[in-house]
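Q: fold the following.
(2 chains)
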Amino acid sequence: MFDDIHSEGLGEGRKRERTGHPERPLADREVPLGPPSTTIATAVHAWLDGETPERDARRGDWSRDVEFWKRLDDDLAMRRRMRTPVHLTSQIMNAIPQHAPQIITPWWKREFVVTPSSAIVAVVALMAASAAATALVLGLPH
Amino acid sequence: MRTTEPELLVDQDDSDQRIIQRVLAGDRDEFTVLITRYSDPLYRHALCMTGSPDVAEDILQLSFIKAYQHLAEVRGRFDAWVFRIVANGCKDWLKNIRRSHLSYDEDDQPSGYATPEEELDRTELRSDLDVALSSLPPSLREAFVMKHVEGRSYEEMADLLGTTVGALKMRVHRAREALQALLEEKYA
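A: I've put the predicted structure just below:
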């Protein structure tokens, strides 16, 4: 309402401006347009979210919106009842590998098994390494 | 408007974790229980996101195969984990393919309408809603479908998508306003 006080001249000015510069086609615009949008009252959103009863949404001038969404909900309700096609489960079972899923354990989490032979090898290797290190340390000053 | 509870918690006498342990131990057929338990809401999600029953089936099949192969990596809820696989599959498909008009296979859906006129109205509305949904950006479409088709709460949606309740409310509100702008002239 406030904007309408001096709107006459502005309106004509806009009209003249428009006639001087014909609208560019949509494809030429630099910024892509989002989907078209309208404003839905907060009360209607609240009703659609299940937060308030329908009568609250119908207060004011929003009955038309309520009717629109009730009509749309008929289709949405049908979509809510949709079931997976019967053949799909067996189709998936036929497609998955025949063996059990692999359990991949990182090496640092794997169980370390010590056998007698591996223990002997480890001890011998340790002794050899110690002897080599000792010889190296004792031999260095000479 | 009515929103339904998701059917994700149907018959969970045997917990998902126990079933997963049995599958990992080599009982491959137990995986059928998980498919049966969760396929309906996942199929609805894929169908509403892609608009094509064939594509929805493909996405579901690939998702369950992936879930089976990586079953040992499940941490936390299986249903949330497999939902994310399906949702990502839908988003990947949408990135690659743009379609202007898609409709469901009529033979798949039973008719609950009495007269041919009502049937025609129903088909037209469904088709128009498909087109309107396909014109929404994927993030808005996903939020709208999760709210109005899958009947999830904002809290559950936030948990599944890893975002905030406020952001999701905004997406759902924007989706509604865009859909109403597209359809109200014909249906209001």
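
Q: could you list the low-pLDDT ranges of chain A?
A: A:1-37, A:104-106, A:109-110, A:140-142 (pLDDT under 70).

Q: residue boundaries of the strands in chain A?
A: Under the criterion DSSP state E, chain A carries no strands.

Q: kindly list the longest helix within it.
A: helix A:116-139 (DSSP state H).

Q: list the contacts of stretch A:98-118.
A: Where contact means Cβ atoms under 8 Å, 6 or more residues apart in numbering or on different chains, the residues beyond stretch A:98-118 that reach it are B:23, B:24, B:25, B:26, B:27, B:28, B:68, B:69, B:70, B:71, B:72. No exception for glycine: its C-beta is placed from N, CA and C like everyone else's.

Q: just these now: which is nearest residue A:92?
A: Closest approach to residue A:92 among the contacts of stretch A:98-118 (Cβ to Cβ): residue B:68, at 8.5 Å.

Q: so how far is chain A from the closest one?
A: Using Cβ to the nearest Cβ, to the nearest Å, residue B:68 is found at 5 Å from chain A.

Q: is chain A contacted by stretch B:137-150?
A: Yes - counting by Cβ under 8 Å from any Cβ of the partner chain, chain A has neighbours in stretch B:137-150: B:137, B:140, B:147, B:148, B:149, B:150.

Q: if you average pLDDT per helix and strand, which one of chain B comes out bottom?
A: The helix or strand of chain B with the poorest confidence is helix B:116-134; it has a mean of 78 (mean pLDDT, DSSP states H and E).

Q: neighbours of residue 62, how many?
A: Because you didn't say which chain, this covers chain A. As a burial measure, residue A:62 scores 18 neighbours (other Cβ atoms under 10 Å in any protein chain shown).

Q: chain B, not that one
A: For residue B:62, the neighbour count with other Cβ under 10 Å is 15.

Q: next: residue B:65.
A: Neighbours around residue B:65, by other Cβ under 10 Å: 15.

Q: most centrally placed residue in chain B?
A: By Cα atoms, centre = their mean, chain B has its centre lying nearest to residue B:45, at 0.9 Å.

Q: correct me, but that one touches residue B:148?
A: No - using Cβ atoms under 8 Å, residue B:45 makes no contact with residue B:148, being 11.8 Å away.

Q: how much space between residue B:49 and residue B:30?
A: The gap separating residue B:49 from residue B:30 is 29 Å, by Cβ to Cβ, to the nearest Å.
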